[in-house]
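Engineer: Here is a sequence together with a model predicted from it:
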There are 2 protein chains.
Amino acid sequence: MGKELSLKNYATLKDVAKLAGTTAATVSYVLNEKEGRYISEETKRKVLSAAQELDYVKCNGASSLKGKKRKLIGIMIPQFENQFFTRIIIASEAIFVKHGYDLIICNTLDKPEREKAILNRMVQQRVDGIIITPTANGSENTALVRRVGMKMVVVDRPLTDVGDFFWVATNNYGCGSVGARHLMEKGHRTLGYVGWDSKIKDLDARREAVLHVAKEFGAQVYVAEGDFSQESGYRLTARLLDSQPDITAIFFGFNVQALGGIKCLSERKIAIPQQVSVVIIGSPEWVNAGTNDFTHVDMHDLALGKKAANLLLAQIQSEEDIPFQHIIQDCSLVEGSSVYDISNRREE
Amino acid sequence: MGKELSLKNYATLKDVAKLAGTTAATVSYVLNEKEGRYISEETKRKVLSAAQELDYVKCNGASSLKGKKRKLIGIMIPQFENQFFTRIIIASEAIFVKHGYDLIICNTLDKPEREKAILNRMVQQRVDGIIITPTANGSENTALVRRVGMKMVVVDRPLTDVGDFFWVATNNYGCGSVGARHLMEKGHRTLGYVGWDSKIKDLDARREAVLHVAKEFGAQVYVAEGDFSQESGYRLTARLLDSQPDITAIFFGFNVQALGGIKCLSERKIAIPQQVSVVIIGSPEWVNAGTNDFTHVDMHDLALGKKAANLLLAQIQSEEDIPFQHIIQDCSLVEGSSVYDISNRREE
DNA sequence: TATAGGTAGGCAATCGATTGCCTACACGCT
DNA sequence: AGCGTGTAGGCAATCGATTGCCTACCTATA
């Protein structure tokens, strides 16, 4: 079939040109359908059929050398198993694909060294822009990206000690506050808070909000913080239940931990909400799947991803630099049946 | 700071060479730490500091022209919101990252046209290999990939009418059979089966297995099939409940549909398993989160992804062609509390 | 002193696609 | 005959990194 080339490697413009009896330049003009360039129907036909026969596919790497866009976007998130992040991917993917961009999606596992290595590879790949949820070392690791002027949108967690950047995030303080306030309304005055000791200040706002609201109502909060994992959520919850048996509610600041924590409650046959009420920040599928109906704080994950993608596209498409923006999105409480109303009981 | 270059564009080898007072070749040797090439400490120092000052990062596109590996893997799946697929990504990502590969992850949305376009871009990007769960048109769409000899591993669904290919999948017939057999054991003889009219033969094996097993036991199965979505699962379940009020169990062949179907049951306040038993193929988080404890068929998603990644790596790393392999992984029934034992009731 | 071998680094071709510039033919018109 | 214009397509430089080849030292040994 005359395919010696494509077996080992890929056919090149030159290969196509040779088979079509013309030059690489002409082939390029034909395949790119350049207007203003005269090509006879005859030549066009021969080129196209040669290209087809050789299974020619242009090499993006080579074209990009000549200033063509890579049409690649990098997305870096810290967890694939967290639906909050996969929803951000889903939402932005929809937008980027519509504009002809491919996505390089990477999982930093929340490890700074890994983040650094991946960022470096993103720059090597010359992606047109990145969307990133930075690790605790994000500011340092993205320094290169910012210096070379690669377009970037930061999602969820902010960079710290950095002049300015594009940022799309949730109002973390609001998340904690709206959930805590709800528990207060329902009469809970002795709470557990299970969270992540992330070393990321912005996320600590969730806990701080809970503490502030509790103080306002004269309530007691026992804080248990650890890793950002299901297992850790399980352990922290167990510790909380053991050391503070009088808590009437647990506030889970992070959905991945919540899953573990609730497994702990259910293993111990602690009835939700009769014995312990539960509020969760985040809205993974399971919060209202099957018989579950957890009261939770919806961060509108998809909207977050959509906004981030549009913000990045805006940067890429505009010639000049556009002004930095911080978009802080509000959250909303979704009432389920995991919070018991004990306000009457308290008044007795 | 002498950064005129990096502002508009990226610094090149030549820029670094100029600043270091040497040539591009030397810079390349220094940065790649080639052994067998003599470089004075003095030059090395100057090159490195020049590179740092200019924020030089090698352009992968350009190096790949000279036969260097792209270190890019493409992954194409049909749904991000389906944990079966995100787990395949998670498992393979772990492996690829360990070997220094980046992932281009794309969502085909199960649309053949979109799959075709993405595949074409994968070839353009000259990824080193792809892992794909093909759409119904997968065989046709991957023809190009196979012709140019790009390494490929097919996951989950097979290609049809195609000589041979690397395939890692679940024993779909086994999934249906093990679940159906369980329902039979528990005395169910009138079932509903909710599935996806995928036009993909291999997936139909799930339904066929259920039908075979039912026949063997003289049981009746009402089949409702439609889209591969939560909404469709809801509608199909509703239809089933309306038209066949005497079913004692519903077998959900696909987890995404199951989520919708179970929402339907719960809205109608149909008790699981007292009124209707439920078995699900797949193991999304929600099957045993919170108070949920669904009997389901675990396909060992992570293992599937791991095997696929290793198979692709093996192809990429070996010089000669390695023999095609079909790896069909077994599934296992995980007993929860969503199946009611009515075998006594029947015997009365 | 002639030669071998180690040290240091420049030159230029190459990878594949793109594009500005140039040539050349075929007309129609003056 | 001379000129303009439309049509067709070849030539060669270019993008950035890599690498084989070559030159030119310097030192040690026969």
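Structural biologist: Right, received. Where do you want to start? This one's a predicted model, so the numbers in the text were calculated from it and none came from an experiment.
Engineer: which residues does the residue of the stretch 151-300 of chain A found nearest DNA strand D bridge with?
Structural biologist: When scored by CB to the nearest atom of the strand, the stretch 151-300 of chain A has A:K151 as its residue closest to DNA strand D, at 17.8 Å. Yep, even glycine has a C-beta here, placed from its N, CA and C like the rest. Beta-bridge pairing for A:K151 (DSSP bridges): A:G129.
Engineer: now it: how far from B:K14?
Structural biologist: For A:K151, the distance to B:K14 (CB to CB, to the nearest Å) stands at 25 Å.
Engineer: now the strands for chain A?
Structural biologist: A:72-77, A:102-107, A:129-132, A:151-155, A:167-170, A:190-196, A:220-226, A:249-252, A:277-281, A:295-298, A:326-329, A:332-334 (DSSP state E).
Engineer: Relative to B:A62, which of those is closest?
Structural biologist: Counting by CB to CB, B:A62 lies closest to strand A:72-77 out of the strands of chain A; the figure is 14.9 Å.
Engineer: residues contacting A:I104?
Structural biologist: A:72-75, A:122, A:125, A:127, B:72, B:102-105 (CB atoms under 8 Å, 6 or more residues apart in numbering or on different chains).
Engineer: Can you tell me the closest non-neighbouring residue to it?
Structural biologist: Among residues not flanking A:I104 along the chain, A:G74 sits closest, at 4.7 Å (CB to CB, 6 or more residues apart in numbering or on different chains).
Engineer: close enough to count as contact, that neighbour and A:I130?
Structural biologist: Yes - between A:G74 and A:I130 a contact is recorded at 4.0 Å, counting by CB atoms under 8 Å.
Engineer: shared neighbours, these two?
Structural biologist: With CB under 8 Å, 6+ apart, A:G74 and A:I130 have common neighbours A:M122.
Engineer: What parts of the stretch 51-200 of chain A come near DNA strand D?
Structural biologist: Proximity of the stretch 51-200 of chain A to DNA strand D, by CB under 7 Å from any atom of the strand, involves residues A:62, A:65-67.
Engineer: Show me where chain A dips below the pLDDT cut-off.
Structural biologist: Along chain A, segments meeting pLDDT under 70 span A:1-8, A:345-348.
Engineer: who are the neighbours in contact with the one residue sitting closest to the centre of it?
Structural biologist: For chain A, A:F85 is the residue whose C-alpha lies nearest the centre (CA atoms, centre = their mean; 3.6 Å). Residues near A:F85 by CB under 8 Å, 6+ apart: A:77-79, A:133.
Engineer: Stretch A:237-255 near chain B at all?
Structural biologist: No - for stretch A:237-255 and chain B, the contact criterion (CB under 8 Å from any CB of the partner chain) is not met; the two come no nearer than 10.1 Å.
Engineer: end-to-end on that stretch?
Structural biologist: Stretch A:237-255 stretches 13 Å from its first residue to its last (CA to CA, to the nearest Å).
Engineer: Give me the buried stretch members for it, please.
Structural biologist: A:237-241, A:244, A:247-255 (16 or more other CB atoms under 10 Å in any protein chain shown).
Engineer: from the stretch 101-250 of chain A, which residue is nearest to DNA strand C?
Structural biologist: Closest point on the stretch 101-250 of chain A to DNA strand C, by CB to the nearest atom of the strand, is A:R126, at 13.4 Å.
Engineer: neighbours of the closest residue to that residue other than its chain neighbours, just the number please.
Structural biologist: Spatial nearest neighbour of A:R126, excluding adjacent residues (CB to CB, 6+ apart): A:R70 at 5.4 Å. Neighbourhood size, A:R70 [other CB atoms under 10 Å in any protein chain shown]: 20.
Engineer: give me every residue that touches A:R70.
Structural biologist: Contacts for A:R70 were tallied using CB under 8 Å, 6+ apart; they are A:60, A:64, A:125-128, B:61.
Engineer: out of those, which is most surrounded?
Structural biologist: Going by other CB under 10 Å, A:Q125 tops the contacts of A:R70 with 25 neighbours.
Engineer: That residue is in contact with A:L72, isn't it?
Structural biologist: Yes - under the criterion of CB under 8 Å, A:Q125 makes contact with A:L72 at 6.3 Å.
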